[in-house]
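Participant: got a predicted structure plus its sequence, pasted below:
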Amino acid sequence: MNWIDNLRRSFFDWSAMADVLPSMISIGLKNTLILAAASTVLGVIIGMVLAVMGISQSRWLRLPARIYTDIFRGLPAIVTILIIGQGFARIGRDIFGPSPFPLGILALSLIAGAYIGEIFRSGIQSVERGQMEACRALSMSYGQGMRLIVIPQGVRRVLPALVNQFIGNVKDSSLVYFLGLLASEREIFRVGQDQAVVTGNLSPLLLAGVFYLAITVPLTHFVNHIDARLRLGKQGRGPGPASGLVEVSELAAAPSGPHSITGVANCDNRHFRGGTLQIRDLSMAYGELEVLKGVDLDIPAGTVTCIIGPSGSGKSTLLRCMNRLVEPKGGDIRLDGESILAMRPEKLRRRVGMVFQHFNLFPDHTALENVMLALTKIKKMPRQEARRVAEARLADVGLAARRDHRPAGLSGGQQQRVAIARALAMDPEIILFDEVTSALDPELVKGVLDLMATLGRQGMTMAVVTHEMGFARRVADQVVFMDEGRIVEAGSPQQIFDDPQSVRLKRFLAEVL
Ligand SMILES: Nc1ncnc2c1ncn2[C@@H]1O[C@H](COP(=O)(O)OP(=O)(O)OP(=O)(O)O)[C@@H](O)[C@H]1O
């Protein structure tokens, strides 16, 4: 059993470990943490700049970011550390004095920055486009949308990868000893190695290994825990997302009865001040593709206009022109007589709200926070007042009890009703609904349509792109049939559904009814 004895002497010399332990903690651990933390912080700053440059529209910003990343990711860490630490030693001495420690931090930061930049860039680009659309529809500028929603969401998504990078820096910090650190600047590895030379065995290095693991393993698990917490949030009181049928029975059991949404009784007396839209000779193209070709349409105040037509006929594009999520190529749209093309888009979108097919709720925010966000950040409402308004709007859509739930904890129908509450909270004169029930399971469609019908009765001006012909027939004041970028027919539901004139509309109705 000689080899067991050898192993024990090499790795488990307890007295050698005990001797090195104090300097391992007071010198090695301290310096390793300083190197790793400082280079991660600097790396995050460099990485954030690189990420913003990397997603910029300008290739003159993208190109240097790309070159930087390729160089510092491509070089082995030790090469960068030696080039920076020794190549710039004189400048380093002039700036920082004799210690190579700051240059070591700089070298680690430059390496980390390249990786962190890529992490941030992919995180930001992984945020769905709909999130920015929702921000813009809530009258945020591009910068506000990035700052308040897209970047925080992207960063949260890459939190585990960032911590991996910190762990990488903890490990890479062991390479800085090549620069010839002063005794008091040694990191964990160097302290262990020096002592290993003195004792003639590897026990101090084994202890160094244990120190590295003691830093990195708990950190990984802690971050996984935080990540799960951030993703799912604190689930609010009451049941989680129940089956669709449970939700339907919840709605039916609500105080105001099955034909309106919970709490709508509270706002049945409400009357919206709807605005008027006049669309004249509107055209719009995506590059060469002409999508709208001279559209004329009047949407009177307090009325519901349903826009129907085959896929690709330009319905969503027409809607998006009304709040300038896309810019028309020609023609004009007037809101209460004033051309929307002359307005600042953010100002226009306060007056013209929008609800999307895929809800586009902010996943890191509870239902209440989703509704409050634009009130506090855009309308600059005091928090207490914003909270009161948001609670009232959530009650209007029957979701008072679920205000502390995040979108992931709500059914599709509930998410869509939160999205409607979010649009309503801004007090718009007009709301645009873009196929808002198309992504919902069949049993949840009715709750959302009933809510929209109630809003229509209360005088909200609404433009609704829909495939729900029953809803259009029942609720619309006018129905507009579009095909190939033109309005082919418009009229009352009776005219459109019972007495279609054009061959195209007859064929469309034969397909869908
Ligand atoms: N961002 C875009 N870039 C390029 N083309 C687009 C874009 N968005 C839409 N289109 C094209 O414009 C045309 C009209 O699209 P639009 O979404 O307005 O139609 P729609 O009637 O709403 O269709 P659907 O009912 O399928 O949503 C389609 O041919 C579509 O492929």
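Facilitator: Received the coordinates, thanks.

Participant: what residues does this protein put near the ligand?
Facilitator: 286, 289, 291, 309, 311-317 (C-beta under 6 Å from any ligand atom). In short, each C-beta sits where N, CA and C put it, glycine included.

Participant: quick one: buried ones out of those residues?
Facilitator: Neighbour counting with 16 or more other C-beta atoms under 10 Å marks 291, 309, 313-317 as buried within these.

Participant: which of these sit farthest apart?
Facilitator: 291 and 309 (12.3 Å; C-beta to C-beta).

Participant: so what sits against both of these two?
Facilitator: The contact sets of residue 291 and residue 309 do not overlap (C-beta atoms under 8 Å, 6 or more residues apart in numbering).

Participant: which phi and psi does whichever residue of the stretch 51-200 of the chain sits closest to the ligand have?
Facilitator: Residue nearest to the ligand within the stretch 51-200 of the chain (C-beta to the nearest ligand atom): residue 129, separated by 9.4 Å. Torsion angles at residue 129 (phi, psi; degrees, to the nearest 10) stand at phi -60, psi -30.

Participant: could you pull out the buried residues of stretch 148-164?
Facilitator: By 16+ other C-beta under 10 Å, the buried positions in stretch 148-164 come out as 148-159, 161-164.

Participant: same thing with stretch 188-201?
Facilitator: For stretch 188-201, burial by neighbour count (16+ other C-beta under 10 Å) applies to 188-196, 199, 201.

Participant: ok, now stretch 69-88?
Facilitator: For stretch 69-88, the neighbour count (16+ other C-beta under 10 Å) marks 69, 72, 77, 80-81, 84-85, 88 as buried.

Participant: isn't residue 145 up against residue 132?
Facilitator: Yes - counting by C-beta atoms under 8 Å, residue 145 sits close enough to residue 132 to count as a contact (5.1 Å).

Participant: and the strands in the stretch 401-513 of the chain?
Facilitator: Remark: strands assigned in the stretch 401-513 of the chain by DSSP state E, counting those that start in this stretch are 430-434, 461-465, 478-483, 486-491.

Participant: need these in JSON lines (columns: mean neighbour count and distance to residue 387).
Facilitator: Listed next are the strands of the stretch 401-513 of the chain as JSON lines, based on neighbours: other C-beta atoms under 10 Å; distance: least, C-beta to C-beta, whole Å:
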{"stretch": "strand 430-434", "mean neighbour count": "25", "distance to residue 387": "22"}
{"stretch": "strand 461-465", "mean neighbour count": "26", "distance to residue 387": "27"}
{"stretch": "strand 478-483", "mean neighbour count": "23", "distance to residue 387": "38"}
{"stretch": "strand 486-491", "mean neighbour count": "18", "distance to residue 387": "42"}
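
Participant: ok, then the element right after whatever helix or strand residue 189 lives in?
Facilitator: Taking DSSP states H and E as the criterion, the element that holds residue 189 is helix 188-199. Later in the chain than helix 188-199, the nearest helix or strand by DSSP H and E is helix 203-232.

Participant: compute the inter-axis angle for that following helix and helix 188-199.
Facilitator: Angle, helix 203-232 to helix 188-199, by axes from the mean of the first three to the mean of the last three C-alpha atoms, to 10 degrees: 160 degrees.

Participant: show me what counts as buried in helix 203-232.
Facilitator: Buried, per 16+ other C-beta under 10 Å, within helix 203-232: 203-208, 211-212, 215-216, 223, 227, 230.
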